[in-house]
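S.K.: what would the 3D arrangement of this be:
(chains A, B, C, D, E and F)
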Number of protein chains: 6
Amino acid sequence: MPSVLPAYASYEFMRVTSPSEFVAHLELNRLEKLNAFSRAVWLEFGRVFRQLSDDSDVRVVVLSGAGDRAFTAGLDVTAASSEGPMSGGGSDADPARKAKAWRAYIEEFQVSISEMEKCEKPVICVLHAVSLGLAIDLSCCADIRLAAKNTRFAVKEVDIGLAADIGTLARLPKIVGSTSWVKDVCLSARDFSAQEALQVGFVSQVHDDKEKTVEAALEMAARLAAKSPVAVQGTKELLNYGRENTTAASLRYTAVWNSVALQAGDTSAAMMNLFSKKKPTFEKL
Amino acid sequence: MPSVLPAYASYEFMRVTSPSEFVAHLELNRLEKLNAFSRAVWLEFGRVFRQLSDDSDVRVVVLSGAGDRAFTAGLDVTAASSEGPMSGGGSDADPARKAKAWRAYIEEFQVSISEMEKCEKPVICVLHAVSLGLAIDLSCCADIRLAAKNTRFAVKEVDIGLAADIGTLARLPKIVGSTSWVKDVCLSARDFSAQEALQVGFVSQVHDDKEKTVEAALEMAARLAAKSPVAVQGTKELLNYGRENTTAASLRYTAVWNSVALQAGDTSAAMMNLFSKKKPTFEKL
Amino acid sequence: MPSVLPAYASYEFMRVTSPSEFVAHLELNRLEKLNAFSRAVWLEFGRVFRQLSDDSDVRVVVLSGAGDRAFTAGLDVTAASSEGPMSGGGSDADPARKAKAWRAYIEEFQVSISEMEKCEKPVICVLHAVSLGLAIDLSCCADIRLAAKNTRFAVKEVDIGLAADIGTLARLPKIVGSTSWVKDVCLSARDFSAQEALQVGFVSQVHDDKEKTVEAALEMAARLAAKSPVAVQGTKELLNYGRENTTAASLRYTAVWNSVALQAGDTSAAMMNLFSKKKPTFEKL
Amino acid sequence: MPSVLPAYASYEFMRVTSPSEFVAHLELNRLEKLNAFSRAVWLEFGRVFRQLSDDSDVRVVVLSGAGDRAFTAGLDVTAASSEGPMSGGGSDADPARKAKAWRAYIEEFQVSISEMEKCEKPVICVLHAVSLGLAIDLSCCADIRLAAKNTRFAVKEVDIGLAADIGTLARLPKIVGSTSWVKDVCLSARDFSAQEALQVGFVSQVHDDKEKTVEAALEMAARLAAKSPVAVQGTKELLNYGRENTTAASLRYTAVWNSVALQAGDTSAAMMNLFSKKKPTFEKL
Amino acid sequence: MPSVLPAYASYEFMRVTSPSEFVAHLELNRLEKLNAFSRAVWLEFGRVFRQLSDDSDVRVVVLSGAGDRAFTAGLDVTAASSEGPMSGGGSDADPARKAKAWRAYIEEFQVSISEMEKCEKPVICVLHAVSLGLAIDLSCCADIRLAAKNTRFAVKEVDIGLAADIGTLARLPKIVGSTSWVKDVCLSARDFSAQEALQVGFVSQVHDDKEKTVEAALEMAARLAAKSPVAVQGTKELLNYGRENTTAASLRYTAVWNSVALQAGDTSAAMMNLFSKKKPTFEKL
Amino acid sequence: MPSVLPAYASYEFMRVTSPSEFVAHLELNRLEKLNAFSRAVWLEFGRVFRQLSDDSDVRVVVLSGAGDRAFTAGLDVTAASSEGPMSGGGSDADPARKAKAWRAYIEEFQVSISEMEKCEKPVICVLHAVSLGLAIDLSCCADIRLAAKNTRFAVKEVDIGLAADIGTLARLPKIVGSTSWVKDVCLSARDFSAQEALQVGFVSQVHDDKEKTVEAALEMAARLAAKSPVAVQGTKELLNYGRENTTAASLRYTAVWNSVALQAGDTSAAMMNLFSKKKPTFEKL
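M.R.: Sure thing, here's the model as predicted:
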């Protein structure tokens, strides 16, 4: 088991190692709670992704959950009922004043999780075992999702009396093609399997168990990490832009973006590599 | 066969029953015309969905077609040629003046069908046998689609010399992932089967025959109806919003929406249920 | 082998024939370079699609690559390094001035390829053998994609050190449902097969070899060409609009569009045909 | 005083006369309440504008308030506190359930007022004396605003503890150039004069008193009513579209719109008129 | 009178001179027709702006009309009635087929005029005397408008039976603050004066006569031409982007744009100039 | 001179006092540098606005510059050339890698300044004397702008060789009606006076000197602070939303927002006040 990267030693719930050059492996690390999220956890989660995004030694991130029992059990319901507006502080305030507190609470939570999507490096998410509620919000922010056979997925929020608000309902309709399926799983809160997730395109690969899935993710990460970071990070940026904007706007943005990206030395380095079959070296980005 | 709900007794072409608590079953009921749509039918269709949307005794709607031969054969071509601008009234008007009549006619039709999408409760659509033209426009407005094995689907409009204008071309590219498939069926007007519809994600389940499909839909409806209506209706609203807006806009809208939804009593009721395995009761919405 | 249409005789790299009434078959025709694109090629490519779009004798276009070895090998890297900003002209200019040259170069290239998408007639694209890099940008502009079993697909750009900028990153997220798959192939530049392309919905059919795929495309084209061009071209326009705009905007645009389209004589001609089973004739458009 | 048009005889609070050919003069007519709006009033308001929009004998609408004391005093606060969610019905419901009632109430109100904006004919609004709160929401839906010198304008809502929700905050930033001014009057709820409204471009003309303002509006209306209704109504539609959409989208929509509008006979009629100085006649639209 | 720039000698209706370094003065030059536009004129108009945009010797463009009697009288109605769809060619086609011809005709016209807006260099438009119809469409594409006292402005289209379709209705609501004024002049087709145009912000300066206005424009142009073209052209691009996009999107686009623009040498050159009061030199762009 | 609020004592360049109940007066306080901005200043600027936004004792903010000589001289050019990417660190990196550093630098700067716009309380900005460059970016984020007669305004960036990138080009076209004026001042970098700013609607009031302008701002602030914070903050939020979104989207958002805001006790408190002329008390928000 590789040791924690010194620059990431201060996190309590985030374990960051580097299994190969330019690859960071981030583990949700709150074993005793099935990696569930209290406020302290999501604040750390946002912080670690900001750091990974800025760290020029990192070119690809793999996210997984520590332990065998869960990627994450989702919201730490016990913590939530004592720390946020749910804790009943200000319970004699009127609904408009309470709503302001709720908005602030939800938005801080959303912003923390969205840091994963904003991370400028590709993020590969490994799902396994219990992957409920927040697990879906989280993994919707990844670029590529892999799952172990035993993953138990569910957009569980309806079953605790609320509409998912940390990103699933905003992102899932954009990253899976079948709206009929998206509405089925979001409205019913039913479990779905890794196989079903693969079939509808929510995940890209299913492997026999967690270990094998992590292995596959790390291999994929190593391959991406060996490529030009200008090309890889530009591709991520432009695909995200393309998902949210019209084709015309995307083409224009792409032209502006590449008008400087193409001034990197990476294209000639990469081409040489293509012809010589020699491993190229790319400058840090 | 359950009897018609008294509040819905006045409809001529819409049969509404309640097979279980909080579930409304709406049948297109114009057997002798294979449930085809004249103007009177679509005006009733819009009206019944407005009523269902406002009816706090209804939490889920199942839509199907009466009889074994058709969900709906689509537009009632005979009626259309005698009642709308097709009837040739004002046939000496110039094209600009005729266009105004056509716009008004098309928009009234669109608005009527769109009431199904605007209905604040989830709508599960059961397709079987003949399901042509307007059948696709209609079912695109549902949240979840189930089909019987014998369903004969076709976006038939091109074969009667026109581009579909009651919603298929606006909605299908947003609810099925493969644009190559969408364009194939819309441009060619070819038939496709329930199996193909399942494969591309247009429908979520295929059952042996109409009866079994309706049964599956009603069971699914009963399960959704037992959940918190605040959670279920919020989820529908936010998924629809997410389909049409950027991720950033959706996250903000979600935060504002949930800032009041979370002040309902449903979350505590639902959580208690989750732990106690006792069926919760939710107030009407 | 049908002979080149006289109106299209002047192209050097574009071979246009008419295998059946109202069908144009356009072949990329630069065999010795595996149909790779130099600037002269893409300028011709844009020009031929503008001509096809305006040619009232053409109702459907089939695009394929000449020869057995490649649909297209993509960018002609040798040519590119001597003709565009890559050629090093102005190499002592500062990065902002170079960026202007790059923007102009990329946009001219984008505009040329986008003419395929803007073509008012349906375009069916046949992919086979080597189909790398630009091959994906190109085929994303088609309406329907068919592939031969031996197609070797790859969004190859990352491997030459750049983010694809001629349309793949802008269009692929809109025409394939699974974002996880889209990001996988775009970030990794890995090969994928015709079978995989079919599975995720990027292509609609796979045939045994190039010959059979072209045959299938020409048959499909002939069927579309026999339909009302007002209906077919309107359907293409409205589906493209629907992909890029909100449902509400699309419904309105559709109503305005059809308010005049429905004043064509095609609907009555088509209906008569439907009932009489006699082949209808539609006026040129 | 012209008599009420028979087709509009059934309204209680809306008085519609026709002072000249093709001109409808609509007066808010609830003198004893300073033309304040209860729910019955706004439902009638929406209905009368739908009727005016469809009435081919009407080409321009002038809206004013009956009596000398007020265009409208705004919301009828007494009525509002007994008929809507303010009436306290369901006061033991939780905030989420109350919010649903509020949403329904606000949206019905918004939809009614927005019918004025959706009316396909130009609407000229005459403001005078008391013009508070809802008076601004209303007049923002007009095409052209004229005011009498004695008009007392105020976006009054903040002073009754709420943010204006019937359209002022959505429309005012789009129809007046100075955002600093818009925020000043909306946040402070202060009065502003006709002169100030003219200066910032909220109104187009100021006249000495109500009578003279109505006269000016009716003259303007008569001039517009003598023009081609195809041209005038198209201009309104395209300007409204232009306000809400990008330039590129507007140009495209304009081309589609005019591709049929130009097939009217009005252009030749109008041109002949331009040269012969003879009053042209245009067919009804 | 400066002589025509050799590179622009081939135009028939466009006279291009260079009164000072980096300034191009473009005159509409069809005196005998009051600079009215036939199809040949607008095709040249588009072409000359593409050339000016690409010409690195040009940093600012001034547009004016030749002669004293008109900036432009607008559409050349005689020509229009013999060359476009108005000419009655295909007059037995059905309305849908005619509409296609109209769309093509309008869009070619729009594209030609829009080249002025797309020109990457600032365009200062001088208006004088007769400035009707198309004169407004044209000048809406300029960056800055100056007018002579005697200018007779009118959005004249309604008076010839049509809605303006070459850009006025798409652009005017975005470049003048008062919608009430915009609708007044567009619906009524009434004349308005230079003074009124100044007051509402449509033009920025009014001068005594045409000669003085051209002089003021050329002086302004010379001042802009002396500045860094990277800064000036970037400012134009970003302001145009800001007008059409949300603030958040604009800020992001600005950051990407300036990330390369700031790598020009212009900032240090300009700063040195600012301190030393010596005229800086900027490289061609 | 009121003393600094203890909660804001730690800022070096931001002086926050409370001249009256619920009003915060924020002064840029770097006298010796004419309140110019180094990186440390803008980071503090962002931080202080986040704190003000969250501080329930603050309902309105007034922003001004300390001293008589300048609101702010804009960017601290000396500091900028030693601390950011301008400092030449990494000067041997290729342009693409440098661009990444520039993007990060610009976005951090933009985010800091945008906190002023995101502040949930109204911000009134007082401009006086030197108000160049960044002064415009900043004041565009305010809700209401007041100026002293001696204000010397300029969008100065073009004169230092760059396009303004901290918000002026994104926001100015949305908050001033005349695009011709906006482009004039942004492209020419010329000075403009308080009087001119008033005329075009950039500022709302002009006063004799700085002292009188601050006084007017504080009085306006006190009036706003006495109103319902639910109403005032909702109005700000909805106006900002209205500026960036379509009317239809704004109306919907408004209905959702007010469905909870109207459940505050403020409306009844405010109404009572309106009738009794007694000063109401509103709960903290």
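S.K.: ok, the residue of the stretch 1-150 of chain A found nearest chain C - contacts?
M.R.: As assessed by Cβ to the nearest Cβ, chain C sits closest to A:Asp143 within the stretch 1-150 of chain A, at 4.4 Å. Yep, even glycine has a C-beta here, placed from its N, CA and C like the rest. Residues counted as contacts of A:Asp143 (Cβ atoms under 8 Å, 6 or more residues apart in numbering or on different chains) are A:Pro122, A:Val123, A:Ile124, A:Lys236, C:Ser180, C:Lys183, C:Leu187.
S.K.: try it again with 10 Å
M.R.: Contact analysis of A:Asp143 by Cβ atoms under 10 Å, 6 or more residues apart in numbering or on different chains lists A:60-61, A:116-117, A:119, A:121-125, A:175, A:204, A:224, A:235-236, A:239-240, C:179-180, C:182-184, C:186-187.
S.K.: equivalent analysis for A:Leu262, please.
M.R.: A:Leu262 is in contact with A:230, A:234, C:84-86, C:98-99, C:102, C:105-106, C:161-163, C:165, F:95-96, counting by Cβ under 10 Å, 6+ apart.
S.K.: so where's chain A shaky on pLDDT?
M.R.: Applying pLDDT under 70 to chain A flags residues A:1, A:89-90.
S.K.: quick one, strands of it?
M.R.: Listed in chain order, the strands found in chain A under DSSP state E are A:14-20, A:23-28, A:60-65, A:70-72, A:123-127, A:130-132, A:144-148, A:152-154, A:192-193, A:205-207.
S.K.: and the fifth one, which strands flank it?
M.R.: Same thing as strand A:123-127. strand A:60-65 (parallel), strand A:144-148 (parallel) (DSSP bridges).
S.K.: roughly how far out does the first one sit from the chain middle?
M.R.: Chain-centre distance of strand A:60-65: 8 Å, with Cα atoms, centre = their mean, to the nearest Å.
S.K.: quick revisit: export the strands of chain A to JSON lines and append columns for mean neighbour count.
M.R.: Below are the strands of chain A laid out as JSON lines (neighbours: other Cβ atoms under 10 Å in any protein chain shown):
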{"stretch": "strand A:14-20", "mean neighbour count": "19"}
{"stretch": "strand A:23-28", "mean neighbour count": "24"}
{"stretch": "strand A:60-65", "mean neighbour count": "27"}
{"stretch": "strand A:70-72", "mean neighbour count": "28"}
{"stretch": "strand A:123-127", "mean neighbour count": "28"}
{"stretch": "strand A:130-132", "mean neighbour count": "25"}
{"stretch": "strand A:144-148", "mean neighbour count": "28"}
{"stretch": "strand A:152-154", "mean neighbour count": "21"}
{"stretch": "strand A:192-193", "mean neighbour count": "17"}
{"stretch": "strand A:205-207", "mean neighbour count": "20"}
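S.K.: might you report the residue contacts of the spatially most central residue of chain A?
M.R.: What sits nearest the mean C-alpha location of chain A, by Cα atoms, centre = their mean, is A:Ala142, with 3.3 Å. A:Ala142 sits next to A:61-63, A:116-117, A:119, A:122-127, A:175, A:203, C:179-180, C:183 when contact means Cβ under 10 Å, 6+ apart.
S.K.: could you do A:Ser56 as well?
M.R.: A:Phe22, A:Pro229, A:Glu283, A:Lys284, A:Leu285, F:Arg97, F:Lys100.
S.K.: now with 6 Å?
M.R.: By Cβ atoms under 6 Å, 6 or more residues apart in numbering or on different chains, the contact set of A:Ser56 is A:Lys284.
S.K.: number of residues surrounding the nearest residue to A:Asn150 once chain neighbours are set aside?
M.R.: Once flanking residues are discounted, A:Asn150 sits nearest to A:Ala129: 5.6 Å by Cβ to Cβ, 6 or more residues apart in numbering or on different chains. Neighbour count of A:Ala129, defined by other Cβ atoms under 10 Å in any protein chain shown: 21.
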